[in-house]
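[1] Give me coordinates for this.
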Amino acid sequence: MGLNCLLVSVNQAVVPYPVYPLGVAHLCGALREAGHTPTHFDLLADGGQEGLQRLLRDNSYELIGLSIRNLDTVDSSDPHGYLPEIAETAQLVRRCSAAVMVLGGPAFSIMPAEVLAYLQADYGVVGEGELLLPWLADELASGRRPAARLLYSERKDESWPRPVFSPSSLKYYITHGGMLNIQTKRGCPHRCAYCSYPTIEGRVMRYRDPEETAAEVARLSSEHGAKFIFFTDSVFNDAAGHFRLVAEALIRNGNTTPWCAFFRPQNLDREDLLLLKRAGLAAMEVGTDAASDRTLAALDKGFSFEQVLTTNRLALEAEIPCAHFVMLGGPDENRQTLTEGLANLESLGKSLVFAFTGIRILPGTSLAERAVAEGVIEAGQPLLEPVFYSSPQLEGIDLERELTTSFAGRLDRIYPVSEVIDQLTMLHRMGHVGPLWDYLLRPRTRRR
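    Numbering: from 1, shown residues only. Here you go, the predicted model:
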């Protein structure tokens with residue numbers, strides 16, 4: 001007999017825009033396929049902790065999972081850790097239910113032992129949970145409790161469970177930006193110095209069938225009212241060219257829903273962008289990350305700023321809005337690279353730049369090792385609370401003033417990023433859809 005399971009999306013952040021908890025939708029599908037009964041509660045969509053308390057009062061569950069998307073804002077200009085708020089939710093579950101509590105989600109997988117201890121849960125699922133969580137539910141249903149509290153998933157190439165969407169969550173995200181999200185692949189082969197993504201999904205790319213992806217885009221639009229799609233792949237334009245197959249499938253399926261994705265400034269030419277635009281590409285978010293060749297190399301990005309400029313130029317020629325996310329003050333940043341980097345950002349022309357100062361240090365990354373070697377942090381220093389790397393070579397340089405001065409008078413150069421969030425939130429409330437940063441690239445008369 002299956003278990004009655006409750007999966008709680010604990011994320012309450014809407015920066016830079018509300019994101020549907022897609023991972024939980026896949027977990028609900030996996031649990032249902034395994035014979036269990038899943039319920040999805042979303043703190044953003046379903047009334048916060050008061051709504052959760054009412055649900056727990058009126059229903060009984062044997063397994064309750066907390067899905068943790070973010071540890072903090074990862075923004076040094078607006079640092080805020082989410083774990084204390086998540087702990088309140090965990091304590092509420094403990095007070096109101098005798099269910100086995102299980103932790104999971106991308107943020108949990110970054111520091112699983114530390115978060116498990118902090119939240120005092122029974123179990124934690126590290127990595128993808130579509131196979132492991134139903135197995136745990138099977139074990140509990142059979143009266144067996146695994147001895148290990150941390151459970152590590154094995155990554156499989158088999159088809160992903162069809163997501164089961166929550167009607168209340170769908171309504172919330174459709175009315176707060178109109179955007180739903182899909183993955184076309186999992187994994188990331190790149191070795192960016194600061195990134196923990198391979199810890200979550202592995203370094204080997206695993207691809208979803210393009211026709212299945214195109215069919216899901218159509219379902220999200222026709223059945224669930226999606227007005228915009230975000231592909232949440234670590235990198236959409238993979239070196240193997242799977243992204244082209246996805247675009248061709250979308251075109252064959254007659255897709256008319258606009259979409260956006262994360263791009264790497266490589267593996268793209270003019271024909272690619274024209275193909276993607278025919279498939280519905282409406283905006284590109286580029287992981288530029290640093291602004292000079294020296295700092296790009298220090299982050300192990302594997303591309304040059306000239307490649308950034310080429311990708312940016314091709315996007316402009318194809319009339320596809322392009323946003324670059326850049327972190328200044330990273331490894332090897334000094335006065336020379338800063339001056340060069342700000343000039344490079346200026347050369348991007350009519351594209352949006354979101355700039356951050358410093359880089360969130362995460363365990364298990366080469367950036368964390370470097371931070372220890374340079375004395376930025378101590379070996380073994382706890383990193384649950386946000387700690388940021390800033391290049392020791394910038395001592396005596398006011399990085400924030402340099403950025404503010406360089407970006408003065410430019411609506412398409414954003415620092416600090418937190419300042420523009422209220423504008424985007426207001427536009428969503430007015431009924432505008434999508435990520436909306438492209439709105440800042442439009443002429444003033446059109447924006448009015």
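[2] any weak-confidence spans in this protein?
    Scanning the chain for pLDDT under 70 picks out 15-16, 156-159, 422, 428, 443-448.
[3] Grab the longest strand from it for me.
    Identified as the longest strand of the chain according to DSSP state E is strand 281-289.
[4] the strands in the stretch 101-250 of the chain, which residues?
    123-126, 150-152, 179-182, 185-186, 206-207, 228-231 (DSSP state E, counting those that start in this stretch).
[5] Compare those and give me the one nearest Gln266.
    strand 185-186 (15.9 Å; C-beta to C-beta). From N, CA and C alone the C-beta is placed, and that goes for glycine too.
[6] Could you count how many residues lie near Leu394?
    20 (other C-beta atoms under 10 Å).
[7] actually Arg401, not the one I typed
    9.
[8] what helices or strands is the helix or strand where it lies leaning on?
    Element membership for Arg401, per DSSP states H and E: helix 399-407. With contacts defined as 3 or more C-beta pairs under 8 Å, 6 or more residues apart in numbering; DSSP states H and E, helix 399-407 has these neighbours: helix 335-346, strand 352-357, strand 413-414.
[9] can you list the ones you listed in CSV and add mean neighbour count and distance to Ile174?
    What follows is the helices and strands packed on helix 399-407, written out as CSV (neighbours: other C-beta atoms under 10 Å; distance: least, C-beta to C-beta, whole Å):
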stretch, mean neighbour count, distance to Ile174
helix 335-346, 18, 35
strand 352-357, 23, 25
strand 413-414, 22, 26
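[10] nearest to Cys188, of those?
    Per C-beta to C-beta, nearest to Cys188 of the helices and strands packed on helix 399-407: strand 352-357, 20.0 Å.
[11] hmm, who's touching the closest one?
    By C-beta atoms under 8 Å, 6 or more residues apart in numbering, the residues outside strand 352-357 that reach it are 74-77, 321-329, 345, 390, 399-400, 403, 407, 412-415, 417, 437-438, 440-441.
[12] Pull up the pairing partners for the helix or strand just after that strand, direction included.
    Moving toward the C-terminus from strand 352-357, the next helix or strand (DSSP H and E) is strand 359-360. Applying DSSP bridges to the sheet, strand 359-360 is found paired with strand 388-389 (antiparallel).
[13] angle of the helix holding Arg401 against helix 335-346?
    Here helix 399-407 runs at 40 degrees with respect to helix 335-346, directions being taken by axes from the mean of the first three to the mean of the last three C-alpha atoms, to 10 degrees.
[14] Just the buried positions in helix 399-407, please.
    399-400, 402-403, 406-407 (16 or more other C-beta atoms under 10 Å).
[15] Any chance of these in CSV with distance to Glu33 as columns?
    Formatted as CSV, those follow (distance: C-beta to C-beta, whole Å):
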residue, distance to Glu33
Leu399, 50
Glu400, 50
Glu402, 54
Leu403, 49
Ser406, 53
Phe407, 50
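[16] and of these, the nearest to Glu317?
    Nearest member of the buried residues of helix 399-407 to Glu317, counting by C-beta to C-beta, is Phe407, at 24.6 Å.
[17] need the contact list for the residue nearest to Ala45 when sequence neighbours are not counted.
    Excluding its sequence neighbours, the residue lying closest to Ala45 (C-beta to C-beta, 6 or more residues apart in numbering) is Tyr172, at 3.5 Å. Contacts here follow C-beta under 8 Å, 6+ apart; on that basis Tyr172 touches 18, 42, 44-45.
[18] all helices for the stretch 301-448 of the chain, in order.
    With DSSP state H, counting those that start in this stretch as the criterion, the stretch 301-448 of the chain has helices at 305-317, 335-346, 366-373, 399-407, 418-429, 444-447.
[19] Out of those, which is closest to Ala193?
    helix 366-373 (4.4 Å).
[20] Can you report how many residues lie near the residue lying closest to Gln12 once chain neighbours are set aside?
    Computed as C-beta to C-beta, 6+ apart, the closest residue to Gln12 that is not its neighbour in sequence is Leu43, at 5.3 Å. When neighbours are counted by other C-beta under 10 Å, Leu43 registers 19.
[21] Settle this for me: Leu43 is touching Leu52, isn't it.
    Yes - here Leu43 reaches Leu52: they are 6.9 Å apart, a contact under C-beta atoms under 8 Å.
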